[in-house]
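Student: Here you go, sequence then predicted model.
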Amino acid sequence: MSAAIADSEPALKSGSRLERVLRAGQFAVTAELGPPKSADTEVIKQKAGFLKGAVDAVNITDNQTAIVRMSSIAAGFLAMQEGLEPVIQITCRDRNRLAIQADVLGAYALGMRNILCLSGDHQRFGNHPGSKNVYDMDSIQLVAMLRAMRDDKVFACGEEIRNSKKAPVVEPRIFIGAAANPFADPFEFRVTRLGKKVKAGADFIQTQCIYDMDRFRKWMESVRNRGLHEKVYILAGITPLKSVRMAEYMRDNVAGLTVPEHVIERLRKADDPKAEGERMAVEQMRELREMPGISGIHIMAIESENTVPGLVEKAGLLPRPAASQGKGT
Amino acid sequence: MIVAERKPFEEIYAFAQKHKTVLLLGCGACVTVCMAGGEKEVGVLASQIVLAARERGDTIGMIEHTITRQCDAEFFDEVTARKIAQADAVISMACGVGVQYCVERFPEIVVYPALNTKFYGATVEQGVWSERCAGCGECLVDKTGGVCPIARCAKSLLNGPCGGSEDGKCEVNPDIPCAWQLIYERMEKLGRLDELEDILPMKDWTSGRDGGPRTITREDMRL
């Protein structure tokens, strides 16, 4: 996002560390932290230990792939205690508008300032395929609801966010994120959908993990043609490949994800596919850093959070800016 | 129409086994069209039960009867009442509506469901039925090119496809077309793609099942 745009909106929306890094024009780095499939807090402490100092914020997934895990808000709170700023994911799959708004108030009260709004993977993929899904709203409507809570200080029903008529209005001031998948179909509608998310009030965007750089470049060109990169911070998604098997699995089993053959071929020819996967991720990060309209990187190193600092360092993105070391508001 | 599917035979047989004389009651409406509970299916199921009873040494007498519609009082006529009086249980081959209406008309007798009622759908080809409507109570397909995202998108998304749409297919199952791909193609054909830029607000679900069980009363039609 250009400095001119930043100047036209002087007041910070949430004051989150992530917002301050992006507003300062720094190239942001965030990483995913998957909560445990248990109440084990040590897992979060360990993962947080790997990520601390290497990223500006950690993205806490919300029952990702529809598998039950510790809640994103609870895990986010534990991450905060470890000195990391969380980005809380909220999917539309598991909660209706009452539950989501209650959780947003709760997350804000606990000090959380960033929320990423997602549709959520269908429950069919998870460990409770017999559950009922909610989808009271979609991710775009969720973005709009959070924006209205923050800027208009009202709930989805229109009531003011105050405990009583005489009580002060205390609205959750959230830095609002949404996802974009340039690799799903219909391709032409993908930029339209990003535009809708921006119009609904998204402040930042995380993309699906990128392997097909050609298609990503093409998508970014459409994004720039519509000027969307000047209205929203775009964080490009990176997931280092660890093996040929992983690459093939991602290609064949993750809907809306493409892994080009030349990427798999490079891993196949490598003596150490894991190291090659990391090299490829670093190359991508370096290219994305120079790509017009990209404001940062989001690393989704699934159950490999320990590799993140090395990747960030090799991409030339360490140390993280001072804003990211400061205390969150 | 309401599309239904017959329950597994053993489940139905377990209902019949508890009784000496069972009336198998078919319905001539939707479930006849979707080949689940019409006169023909009544005949087949009754024969299956009789044969199984003979093999297993059970004594179950079957009475077959099919009426025009099990969701309308006028079709539960005297003939039907007489047949019900001869039986000590009814197995209804109607949809869930018909089963319950049969209970309401004949509260003295036990009524079992022979079908699993699935959805509001259409016959898309011989032997294939597909869901089209979710009965949300407030139709919005005027905004989506005549394709319903509530019934046909696995997540009922109102503002475009999720990240799982690939090659026109839904992430849930590659046999399911992505509703938003269909909407996109239709709107493109109509030259109305610009309308998909509009954000559809959160839906008020009170018009649907979430508002509680629904009744429509039309004063102009009442006697």
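Tutor: Sure thing, it's come through.
Student: all strands of chain B, in order?
Tutor: For chain B, the strands defined by DSSP state E cover B:2-6, B:21-27, B:61-67, B:89-92, B:111-113, B:115-125, B:128-133, B:169-170, B:173-177.
Student: Which one, of these, ends up nearest to residue A:141?
Tutor: strand B:169-170 (20.1 Å; Cβ to Cβ). Using the backbone N, CA and C atoms, a C-beta is placed for each residue, glycine as well.
Student: Need the residues that contact the closest one.
Tutor: Strand B:169-170 is contacted from outside by A:255, B:153-154, B:164, B:175-179, B:181, using Cβ atoms under 8 Å, 6 or more residues apart in numbering or on different chains.
Student: Any idea which helix or strand in chain A has the lowest mean pLDDT?
Tutor: helix A:3-8 (a mean of 49; mean pLDDT, DSSP states H and E).
Student: pLDDT of the helix or strand just after that one, averaged?
Tutor: Downstream of helix A:3-8, the first helix or strand assigned by DSSP states H and E is helix A:17-23. Throughout helix A:17-23, pLDDT has a mean value of 97.
Student: Next: stretch A:177-189.
Tutor: In this model, stretch A:177-189 has an average pLDDT of 94.
Student: can you give me the end-to-end distance of that stretch?
Tutor: Stretch A:177-189 has an end-to-end distance of 19 Å (Cα to Cα, to the nearest Å).
Student: same check, this time on stretch B:167-183
Tutor: Note: stretch B:167-183 ends 14 Å apart using Cα to Cα.
Student: List the buried residues for it?
Tutor: Neighbour-count burial for stretch B:167-183, with 16 or more other Cβ atoms under 10 Å in any protein chain shown as criterion, is recorded at B:168-172, B:177-183.
Student: Mind putting those residues into CSV with pLDDT and distance to residue B:211?
Tutor: Shown next, in CSV, are the buried residues of stretch B:167-183 (pLDDT from 0 to 100; distance: Cβ to Cβ, whole Å):
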residue, pLDDT, distance to residue B:211
B:168, 94, 34
B:169, 95, 33
B:170, 95, 28
B:171, 92, 30
B:172, 94, 27
B:177, 97, 30
B:178, 96, 29
B:179, 97, 24
B:180, 97, 26
B:181, 97, 31
B:182, 98, 28
B:183, 98, 26
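Student: between these, which is closest to residue A:80?
Tutor: Out of those, the member with the shortest distance to residue A:80 (by Cβ to Cβ) is residue B:171, at 32.7 Å.
Student: ok, the nearest residue to the closest one once chain neighbours are set aside to residue A:255 distance?
Tutor: With sequence-adjacent residues excluded and distances taken as Cβ to Cβ, 6 or more residues apart in numbering or on different chains, residue B:171 is closest to residue B:164, at 2.7 Å. Between residue B:164 and residue A:255 the computed distance is 4 Å (Cβ to Cβ, to the nearest Å).
Student: shared neighbours of these two, anything?
Tutor: Applying Cβ under 8 Å, 6+ apart, one finds that residue B:164 and residue A:255 are jointly contacted by A:184, B:171.
Student: and the angle from the longest helix that chain B contains to strand B:115-125?
Tutor: Taking DSSP state H as the criterion, chain B has its longest helix at helix B:39-56. Angle of helix B:39-56 versus strand B:115-125, following axes from the mean of the first three to the mean of the last three Cα atoms, to 10 degrees, is 130 degrees.
Student: Give me the below-cutoff pLDDT ranges for the stretch 1-150 of chain A.
Tutor: Residue ranges of the stretch 1-150 of chain A with pLDDT under 70: A:1-10.
Student: and which of the contacts of strand B:169-170 is nearest residue A:248?
Tutor: residue A:255 (15.0 Å).
Student: where does that closest one land on pLDDT?
Tutor: pLDDT, residue A:255: 81.
Student: Tell me which residues touch it, please.
Tutor: By Cβ under 8 Å, 6+ apart, the residues touching residue A:255 are A:184, B:163-166, B:169, B:171.
Student: Could you show which parts of chain A are in contact with chain B?
Tutor: Contact residues, chain A versus chain B (Cβ under 8 Å from any Cβ of the partner chain): A:92-93, A:97, A:119-122, A:124-125, A:133, A:135-141, A:144-145, A:156, A:179, A:181, A:184-186, A:188-189, A:192-193, A:195-196, A:199-200, A:208, A:255-256.
Student: Only whichever of those are buried, select them in ChimeraX.
Tutor: Only the buried members of the residues of chain A next to chain B enter the following ChimeraX selection, criterion being 16+ other Cβ under 10 Å:
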select /A:92,93,97,119,120,121,122,124,125,133,135,136,137,138,139,140,141,144,145,156,179,181,184,185,186,189,192,193,195,196,199,200,208,255,256
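Student: Just the ones in strands from the residues of chain A next to chain B, please.
Tutor: A:179, A:208.
Student: Dump stretch B:142-161 to CSV, restricted to CA.
Tutor: The C-alpha trace of stretch B:142-161 is given here as CSV (Å, rounded to 0.1, in the frame of the first residue of the first chain):
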residue,chain,number,x,y,z
ASP,B,142,-33.5,-13.2,-8.9
LYS,B,143,-30.2,-11.9,-7.7
THR,B,144,-28.2,-15.1,-8.6
GLY,B,145,-29.2,-15.9,-12.1
GLY,B,146,-31.9,-18.3,-11.2
VAL,B,147,-29.6,-20.6,-9.3
CYS,B,148,-30.0,-20.9,-5.5
PRO,B,149,-26.8,-20.7,-3.5
ILE,B,150,-28.6,-21.5,-0.3
ALA,B,151,-29.7,-25.0,-1.5
ARG,B,152,-26.9,-25.7,-3.9
CYS,B,153,-23.7,-24.3,-2.3
ALA,B,154,-22.5,-26.6,0.5
LYS,B,155,-21.9,-23.5,2.7
SER,B,156,-24.9,-21.5,1.5
LEU,B,157,-22.6,-18.6,0.7
LEU,B,158,-24.3,-15.5,-0.7
ASN,B,159,-21.4,-13.5,-2.0
GLY,B,160,-19.4,-15.8,-4.3
PRO,B,161,-17.5,-19.1,-4.3
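Student: can you pull the buried residues of that stretch?
Tutor: Applying a neighbour-count criterion of 16+ other Cβ under 10 Å, one finds B:143-145, B:147-161 buried in stretch B:142-161.
Student: Establish whether it and chain A are in contact.
Tutor: Yes: Stretch B:142-161 reaches chain A (Cβ under 8 Å from any Cβ) through B:154-161.
Student: State the pLDDT value of residue A:311.
Tutor: Listed pLDDT for residue A:311 reads 97.
Student: Repeat that for residue A:329.
Tutor: The score at residue A:329 is 40. That number is its pLDDT.
Student: Redo the strands of chain B as JSON lines? Include distance to residue A:286.
Tutor: Converted to JSON lines, these look like this (distance: least, Cβ to Cβ, whole Å):
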{"stretch": "strand B:2-6", "distance to residue A:286": "55"}
{"stretch": "strand B:21-27", "distance to residue A:286": "68"}
{"stretch": "strand B:61-67", "distance to residue A:286": "73"}
{"stretch": "strand B:89-92", "distance to residue A:286": "68"}
{"stretch": "strand B:111-113", "distance to residue A:286": "63"}
{"stretch": "strand B:115-125", "distance to residue A:286": "50"}
{"stretch": "strand B:128-133", "distance to residue A:286": "48"}
{"stretch": "strand B:169-170", "distance to residue A:286": "35"}
{"stretch": "strand B:173-177", "distance to residue A:286": "36"}
